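K.L.:
structure for this input, please:
(2 chains)
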Amino acid sequence: MGSYTTPTWGYKIVSDRQIQFYHVLLPKVKTQTLKRSIPYAQDIKNHKDGSITISLTADSYPTIAIEKVISFFEQKTNSLLETPDYYYKVPLRIKRLLTQWALTFQGCLALMLIHSKKIKKLIKNDFEFINSQCGGLYLAPYTLFLYQDRPKIIHPISAQNSNERKKIEQETARLVRGMIKKMREAQPGLTGLALLSMLEDKTRLKAGKICQIINGKSFGVVNPIYSPFFSEQI
Amino acid sequence: MKQKFFILVVLLLLAGLTTLAQPLKKSSLVVPKPAKELLTPQYIYIPKLKLFLSLQTAPIKNNEWILSEQKTAFFGEGSALPGEQGVSAIFAHAKNGLFAKLPLLEKNDTLIVISEKKLFQYKIEEKQLIEPDELSFLKPKGRNQLAVFTCFGKDDKKRILFLGGLIGELPNAKIKNSLYQI
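P.N.:
Numbering: from 1, shown residues only, chains lettered A, B, ... in the order given. You can find the predicted model right below:
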């Protein structure tokens, strides 16, 4: 009987009426959904090792059923590679203000992200600036890039981490919106203080410690002058 | 009452017609950007080196790509756009902050190219040392490849070239094979 394996999926034709199948995305798919998507599936049995055994109807061929299953998971993979866009809007006045403080702003965002309860478990409790004129943050294991109107994780991208990426991007957009709001509402000349108080509140770190962390991380890092987030071009 | 209602309707209609009669403002017209512009690479990211660079398009002059600036990387004009059939060429000086650490890359490392609308992932398939005037690697091989190169060796007499094959693009996610881990 035929069998085939790749690093992400594999199958074995057990008999004319049974196939064993494995895919890394199996935990993300409900058995009922899978059963509905494969017309020849009579019964699906889950195994402890994460694989499934699909019992087929009498009028079906295992090879055709396998094709259907693989195509179902390819579609699922494609849909999971992309995440929804979560937007923020940065007024021109704030952009101009941030041009000189781009690294500080990114550092504040990174600190809030690593202290955020929603995504704390998804990233390590540390960050690095991407030493680039385009900006970006490395929140291990993810690289986060701030586009003009939305954040995106640009590496690593896989179907398995789609939920994690979605959560991080959503939280980043939420925090950026909050930071912009705080800066907009601050009295002229006190924007930095307003941001610092927000940071103290979100991270429970003292102002001195925050400055020390951001100063230390910024050492030798270029100002991201070509970052679309800080750029005035629309 | 009916008269009032009639007058109101006439006024509303007139207001509508006046609005329609006004010439359309330039800003209200949505001019779609040409697809080429949307696909032109804007950034390159090399995860292994944590190197993120913006790209400028290097024009061709006397059969050579002109590197107008020393602080950025370049996409070679005339080379294939990412995702299209052919070889997309990206290069920069072997300087700190640019491609100085490029020789550290190895086979199977990932290269990411970002255009306005898409993100392209390549996996390095070949690493070669070539002569500065060698351009045979730009020959199309029936699929999209990315050539990333910089100066190498004593007095920059050689070029170190990495050829990567396209493994995925986002959005409109397409996967070339089951190895979609990027």
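
K.L.:
the residue nearest the centre of chain B pairs with what?
P.N.:
Nearest to the mean C-alpha position of chain B, by C-alpha atoms, centre = their mean, lies B:P41 at 1.2 Å. The residues listed as beta-bridge partners of B:P41 by DSSP bridges are B:S115.

K.L.:
could you do B:F149 as well?
P.N.:
Residues in beta-bridge contact with B:F149 (DSSP bridges): B:F91, B:L161.

K.L.:
re earlier: tell me the contacts of the residue nearest to the centre of chain B?
P.N.:
Contact analysis of B:P41 by C-beta atoms under 8 Å, 6 or more residues apart in numbering or on different chains lists B:L55, B:F75, B:L81, B:P82, B:S88, B:I90, B:V113, B:I114, B:S115, B:F120. C-betas here are computed from N, CA, C, even on glycine.

K.L.:
ok, now which ones touch the fifth one?
P.N.:
Residues counted as contacts of B:S88 (C-beta under 8 Å, 6+ apart) are B:P41, B:F75, B:G76, B:S79, B:A80, B:L81, B:P82, B:V113, B:N144, B:Q145, B:L146, B:A147.

K.L.:
for it, pull up the helix or strand it's in.
P.N.:
strand B:86-91 (DSSP states H and E).

K.L.:
just the mean pLDDT for that strand, thanks.
P.N.:
Taken as a whole, strand B:86-91 has an average pLDDT of 95.

K.L.:
what's the answer for stretch A:206-224, then?
P.N.:
Per-region confidence: stretch A:206-224 scores 93 on mean pLDDT.

K.L.:
tell me which parts of chain A are close to chain B?
P.N.:
Selection of chain A residues close to chain B by C-beta under 8 Å from any C-beta of the partner chain yields A:6-9, A:74, A:77-79, A:81-82, A:128, A:130-136, A:138, A:143, A:145, A:152, A:154-159, A:222, A:226.

K.L.:
generate a ChimeraX selection restricted to the buried entries among these.
P.N.:
Applied in ChimeraX, the following selects the buried portion of the residues of chain A next to chain B according to 16 or more other C-beta atoms under 10 Å in any protein chain shown:
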select /A:8,9,74,77,78,81,82,130,131,132,133,134,135,136,138,143,145,152,154,155,156,157,158,159,222,226
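
K.L.:
B:E131: neighbour count?
P.N.:
Residues near B:E131, counting by other C-beta atoms under 10 Å in any protein chain shown, number 9.

K.L.:
quote the end-to-end distance of stretch A:196-209.
P.N.:
Its first and final residues considered, stretch A:196-209 spans 11 Å by C-alpha to C-alpha, to the nearest Å.

K.L.:
list the contacts of that stretch.
P.N.:
A:C108, A:L111, A:M112, A:H115, A:S116, A:L175, A:G178, A:M179, A:K182, A:I210, A:I213.

K.L.:
give me the phi and psi angles of B:K154.
P.N.:
Dihedral angles phi and psi of B:K154 (degrees, to the nearest 10) take the values phi -60, psi 130.

K.L.:
tell me the spacing between it and B:K95.
P.N.:
Distance of B:K154 to B:K95, computed by C-beta to C-beta, to the nearest Å: 16 Å.

K.L.:
who has more neighbours, these two?
P.N.:
Set B:K154 next to B:K95 and count neighbours by other C-beta under 10 Å: B:K95 wins out with 12 against 6.

K.L.:
how close does the more buried one get to A:I213?
P.N.:
29 Å.

K.L.:
go through stretch B:83-96 and flag the buried ones.
P.N.:
Here stretch B:83-96 shows B:G83, B:G86, B:V87, B:S88, B:A89, B:I90, B:F91, B:A92, B:H93, B:A94 as buried, counting by 16+ other C-beta under 10 Å.

K.L.:
could you pull up the residues touching the residue nearest the centre of chain A?
P.N.:
By C-alpha atoms, centre = their mean, chain A has its centre lying nearest to A:R165, at 1.1 Å. The contact partners of A:R165, by C-beta under 8 Å, 6+ apart, come to A:T83, A:Y142, A:I153, A:I157.

K.L.:
strands along chain B, start to end?
P.N.:
Here chain B has its strands, by DSSP state E, at B:41-46, B:51-58, B:60-61, B:64-65, B:73-76, B:86-91, B:110-115, B:119-130, B:144-152, B:158-170, B:174-175.

K.L.:
of all the contacts of B:S88, which comes closest to A:S15?
P.N.:
For the contacts of B:S88, the minimum distance to A:S15 (C-beta to C-beta) is 42.2 Å, reached by B:N144.

K.L.:
pretty sure the closest one sits against B:A89.
P.N.:
No - between B:N144 and B:A89 there is no contact under C-beta atoms under 8 Å: 12.0 Å.

K.L.:
got the domain ranges for chain A?
P.N.:
Here the domain parsing of chain A from automatic domain parsing is A:3-81, A:92-218.

K.L.:
out of the ones you listed, deepest packed?
P.N.:
domain A:92-218 (a mean of 17; mean count of other C-beta atoms under 10 Å in any protein chain shown).

K.L.:
how far does it stretch from start to finish?
P.N.:
24 Å.

K.L.:
can I get the buried residues of stretch B:83-96 in a markdown table including distance to B:L102?
P.N.:
Listed next are the buried residues of stretch B:83-96 as a markdown table, based on distance: C-beta to C-beta, whole Å:
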| residue | distance to B:L102 |
| --- | --- |
| B:G83 | 23 |
| B:G86 | 22 |
| B:V87 | 17 |
| B:S88 | 16 |
| B:A89 | 14 |
| B:I90 | 11 |
| B:F91 | 10 |
| B:A92 | 8 |
| B:H93 | 10 |
| B:A94 | 7 |
